[in-house]
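A.B. asks: Make a model of this:
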Amino acid sequence: MENPHALLLLLSLLLLSLTLPSLQLKLDPLDLRALASIKNSLTDVPSRRSHPGFFSTWDFASSDPCSTFSGVTCSSNGRVTTLTLGTGLADSPGLAGSLSPDVSDLTELTQLILYPGIVTGAIPTQLGRLVNLRVISLTNNRLTGQIPVTLSLLTNLHTLDLSFNRLTGSIPPPLLRLPMLKVLILSSNSISGDIPAVVSSQLLHLDFSNNKLTGQLPKQLPSSLRYVSLACNDLVGPISGMDGTQLPDLVHLDLSMNHFSGALPASLFRTSLPSLFLQRNNLSGWVPSVEEDQRPSYGEGSVVDLSHNALTGELSPVLAGVESLYLNNNRLIGTVPREYVKSVYVGTTRTLYLQHNYLSGFPVEPGSALPDTVSLCLSYNCMVPPVGLTACPSSAGTELSRPVSQCSVFNYG
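C.D. replies: Model (predicted):
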């Protein structure tokens with residue numbers, strides 16, 4: 001007699017196999033049509049490698065696109081919630097074509113990601129209909145036109161990254177008032193005009209670098225900011241709006257390669273701001289001094305670059321201990337404080353560039369040996385650098401000291 005348990009197991013497996021098709025997730029027909037339109041407007045860029053193209057899995061005869069389509073994730077009711085276009089592999093050339101406006105039919109979409117490629121054309125204005133979107137990342141392509149003002153309708157948007165494209169026009173002011181926006185990256189485009197005066201979004205990360213922005217900094221930025229980069233623009237005016245009392249959580253500030261002028265806010269020099277880039281502006285005045293017990297304790301990985309400005313006066317010890325410190329090409333005078341000398345010789349400061357100033361002394365202790373890990377440049381000042389302390393970049397030139405006639409205009413006491 002046959003084993004009844006084996007027969008029961010066989011019947012159970014048969015019933016399960018009959019019910020499995022009904023458990024498959026059926027993609028909403030509207031979403032399926034939208035995906036077909038997206039595929040028709042994009043194509044895999046041919047690769048020299050034998051990797052299958054991104055769209056090789058997009059078989060519209062599939063009974064379950066939610067499980068088989070690369071880059072597609074669906075909800076339990078068969079709606080597309082995330083769409084990632086491209087493989088993102090380092091050796092993948094990405095996609096070409098343009099973004100179809102029909103992407104707006106994916107009304108449950110929360111994430112839209114386009115990996116680097118050569119996608120051209122405008123960003124569809126219809127994206128403003130996708131009110132559930134939290135993440136838009138369309139970086140490293142060849143998108144053109146303006147940033148759609150309709151993106152300002154996306155009240156749930158958390159991250160917007162449109163960097164490394166060919167976008168033009170200005171920044172839509174309502175974009176910086178989105179209530180949930182935390183990360184805004186528009187770097188490396190050709191965006192022009194002023195930064196909107198009102199920035200009420202509680203941003204954590206703001207990057208507008210490498211554009212064509214003009215005008216002054218907003219008078220007030222969100223106190224929540226931790227990362228700000230506005231480098232390589234045509235911005236002018238003072239940087240007092242970056243006062244540390246207004247931005248207490250800031251850990252990275254890059255305002256380099258603009259036309260900022262005026263004094264350096266003393267509150268920018270603090271331990272909690274270990275990455276400070278202000279080089280190649282028109283900043284003037286003195287490097288602020290602080291009381292010894294309030295001096296920042298910079299540590300490993302800290303970088304401060306104030307080079308290529310018009311800073312004057314004697315150097316304050318406030319920056320002693322910064323690991324990589326660039327003060328070259330300013331108008332600093334006097335003897336370098338011993339705090340910097342000590343920091344270099346104990347290896348805390350590994351790069352100290354002071355070339356092309358008007359410094360008159362670097363008080364080295366007799367018999368001291370500079371660590372091999374240290375790069376110290378003192379050339380073209382109002383002194384002859386101590387022997388063995390001329391490890392300078394090629395941009396420093398070959399002259400060790402300034403002509404006496406240039407130094408005589410300063411009073412060193």
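A.B. asks: Give me the distance between the two termini of stretch 268-282.
C.D. replies: Using Cα to Cα, to the nearest Å, one end of stretch 268-282 lies 17 Å from the other.
A.B. asks: can you count the residues close to the closest residue to D105 other than its chain neighbours?
C.D. replies: Nearest residue to D105, sequence neighbours excluded (Cβ to Cβ, 6 or more residues apart in numbering): A34, at 3.9 Å. From N, CA and C alone the C-beta is placed, and that goes for glycine too. Each residue near A34 was counted by other Cβ atoms under 10 Å, and the total is 22.
A.B. asks: who's in contact with A34?
C.D. replies: A34 sits next to V80, S100, D102, V103, S104, D105, L106 when contact means Cβ atoms under 8 Å, 6 or more residues apart in numbering.
A.B. asks: which SS class is it?
C.D. replies: Taken by DSSP: H, G, I helix; E, B strand; the rest coil, the conformation at A34 corresponds to helix.
A.B. asks: and if you look at D102?
C.D. replies: Judged by three-state DSSP, the three-state class of D102 is helix.
A.B. asks: Nearest spatial neighbour of it, chain-adjacent residues omitted?
C.D. replies: According to Cβ to Cβ, 6+ apart, the nearest residue to D102 is S37 (3.8 Å).
A.B. asks: among the contacts of A34, who's most crowded?
C.D. replies: V80 (27 neighbours).
A.B. asks: any idea of the pLDDT on the most centrally placed residue in the chain?
C.D. replies: Nearest to the mean C-alpha position of the chain, by Cα atoms, centre = their mean, lies D207 at 5.4 Å. D207 is assigned 98 on the pLDDT scale.
A.B. asks: I'd say it and I191 touch.
C.D. replies: No: using Cβ atoms under 8 Å, D207 is not in contact with I191; the gap is 11.7 Å.
A.B. asks: How many neighbouring residues does S152 have?
C.D. replies: For S152, the neighbour count with other Cβ under 10 Å is 18.
A.B. asks: same question, L151
C.D. replies: 22.
A.B. asks: Would you confirm that it belongs to a helix?
C.D. replies: Yes: counting by three-state DSSP, L151 falls inside a helix.
A.B. asks: Give me the distance between it and E323.
C.D. replies: Distance of L151 to E323, given as Cβ to Cβ, to the nearest Å: 39 Å.
A.B. asks: Likewise for E399?
C.D. replies: 28 Å.
A.B. asks: out of those two, which sits in the busier spot?
C.D. replies: Neighbour totals were compared for E399 and E323, and E323 leads with 19 against 11 (other Cβ under 10 Å).
A.B. asks: Quick one: residues contacting the nearest residue to the more buried one once chain neighbours are set aside.
C.D. replies: In this structure, E323 finds its nearest non-sequential neighbour in S302, 4.9 Å apart by Cβ to Cβ, 6+ apart. Neighbouring residues of S302 by Cβ under 8 Å, 6+ apart: P274, S275, G321, V322, E323, S324.
A.B. asks: again, only using 10 Å
C.D. replies: For S302, the contacting residues are 271, 273-276, 296, 319, 321-325, 348-349, by Cβ atoms under 10 Å, 6 or more residues apart in numbering.
A.B. asks: Check I239 too.
C.D. replies: By Cβ under 10 Å, 6+ apart, I239 lies in contact with 216-217, 230, 253, 255, 258, 260-265, 268, 278, 281, 283.
A.B. asks: Can you say which of the residues you listed are buried?
C.D. replies: With neighbours counted by 16 or more other Cβ atoms under 10 Å, the contacts of I239 contain buried members at 217, 230, 253, 255, 258, 260-261, 264-265, 268, 278, 281, 283.
A.B. asks: That's all I had, so thanks and see you.
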